[in-house]
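> here is my input; please provide its structure:
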Amino acid sequence: MAASHESDSDEFSDNDFIDDVGGFDLVELNADAELEFRELFGDSDDDDDDFAGFMEYFPPDFSMWVWKKDYDGGRDRKEFVSETGPVRVDLPEDRRNSIGFFQLFYSDDVFEQITSATNDNANNKRTRDPDNNKGEWHDVTVEEMKAFYGVLLYMDVVRLDRDEMYWHSGSSYTWLKFPISEVFCRTRFVQIKRYLHFNDDTPVPGDKLFKVRYILDTMRTAFQSHYRLHKQVSVDEAMVPFKGRLSIKQYMKDKPTKFGVKVWVLADSVTGYCWNFDVYAGKYGTEIDRKLGLAGQVVIKLCENIMNKGHVIFTDNFYTSGTLGDYLLQKDTYLCGTARTNRKGYPTVDLPSGKAANRLQRGTIDWRLVGTSLQRCGKTTSLFSTSARHTLPRKAV
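Numbers count the residues shown, from 1 in each chain. Take a look at the predicted model:
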């Protein structure tokens, strides 16, 4: 069922994608229904199954929640005691530079895998279809692949309309300080770019990203192993600009980048460091958790490795829900975010909304508490939070 929208175009895009996944279907499963659920969507006993840990969770009956304007000075919560910041790596003196830090993420093993996959792809294509793969070719080396990446990074900083312009020797291009032509001839660069591969071409059922799965998983592991998150983290979406032909390309009319690949991101709220990510490759289908909805499933999947540590997860109103807040609370993890109070399954709170909220004076808010959950509303924004130590509003209704 499509979710109803509040007038907040900055936080979500009013398009078919959001409409399709905005609702939260709260389902009570008895023994027979659970068996049918497992037959349709897989057995959650598998450690790698996204359903693991959800079958025993049942959303609360929000109609039983009694919201009160009764502030008791704060509530206990799990203290966050983890170390934070970059993980110290004892690099040799000659590697304590930009290249050394880059290689923490793109190690020699990564370049060897890319080089091997690229050579296999080139040789396979030239064998299967020699008529469309003419020209001299010799296998690329690891050092050559590193140089290729260096050229790509340079091209991303110094933008020209077409690749061949970087090899132009005319007087109007004297400001190109980096002599790319001394590293690659244009033909060799185009060849490597044509055959560039990260994995073999063996299809993986249900995985549209199997050709880049190796690099995605490797980068995700590296991101997490070299940094420890602060207490405050954020879950949101990002768009990687792309206008070519691609089945997973998204259109978000209210975003600055309207066409591209959507990526769900878990980032450190203090530094903005990307700690976890997941590329959206289409509706999850059988992977959608029927109790939390897609938005809740995204948060759970991104944050599964930081549960039970006292983190506070900040979200916008696409992700925030009472169900998600309740589930995270059981994992000693706390939710704070703007909310769409008129979405399906959201707990009913006796607070001003719609036109009544618009009549509030600027800076005025109203609030209610139930257990460790706080609901605030203001003139334009509603907020839901389970981060237990709430601060009493200075200017309340």
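
> right, and Glu79 touches Lys309 too?
No. The pair Glu79 / Lys309 is not scored as a contact, 9.7 Å apart, by C-beta atoms under 8 Å. Every C-beta, even on glycine, is put in place using the N, C-alpha and C of the backbone.

> pLDDT (mean, whole number) over stretch 145-154?
Average pLDDT, stretch 145-154: 94.

> with only the CA atoms kept, save it in PDB.
As requested, the backbone C-alpha atoms of stretch 145-154 are provided in PDB (Å, rounded to 0.1, in the frame of the first residue of the first chain):
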ATOM      1  CA  MET A 145      46.500  -1.400 -13.500                       C
ATOM      2  CA  LYS A 146      47.600   0.900 -10.600                       C
ATOM      3  CA  ALA A 147      48.700   3.500 -13.200                       C
ATOM      4  CA  PHE A 148      45.300   3.100 -14.900                       C
ATOM      5  CA  TYR A 149      43.600   3.900 -11.600                       C
ATOM      6  CA  GLY A 150      45.800   6.900 -11.100                       C
ATOM      7  CA  VAL A 151      44.800   8.200 -14.500                       C
ATOM      8  CA  LEU A 152      41.100   7.700 -13.700                       C
ATOM      9  CA  LEU A 153      41.500   9.600 -10.500                       C
ATOM     10  CA  TYR A 154      43.200  12.500 -12.300                       C
END
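
> picking up where we left off before, looking at Glu79 and Lys309, which one has more neighbours?
Neighbour count, other C-beta atoms under 10 Å: between Glu79 and Lys309, Lys309 has more, with 16 against 9.

> now that one. Nearest residue, chain neighbours left out?
Ser82 (5.7 Å; C-beta to C-beta, 6 or more residues apart in numbering).

> quick one, phi/psi of the one you found?
Main-chain torsions, Ser82, degrees, to the nearest 10: phi -70, psi 150.

> check Asp108 too.
phi -60, psi -30.

> contact partners for it?
Val142 (C-beta atoms under 8 Å, 6 or more residues apart in numbering).

> can we see that at 10 Å?
Val142, Lys146 (C-beta atoms under 10 Å, 6 or more residues apart in numbering).

> that one and Gly150: what is the separation?
15 Å (C-beta to C-beta, to the nearest Å).

> what does Phe111 give?
Phe111 is 12 Å from Gly150, by C-beta to C-beta.

> ditto for Val87
In terms of C-beta to C-beta, Val87 sits 26 Å off from Gly150.

> ok, those two, which is more surrounded?
Neighbour tally, Val87 and Gly150, criterion other C-beta under 10 Å: the higher count belongs to Gly150, 15 against 11.

> pretty sure that one is in a strand, no?
No. Applying DSSP: H, G, I helix; E, B strand; the rest coil, one finds Gly150 to be helix, outside a strand.
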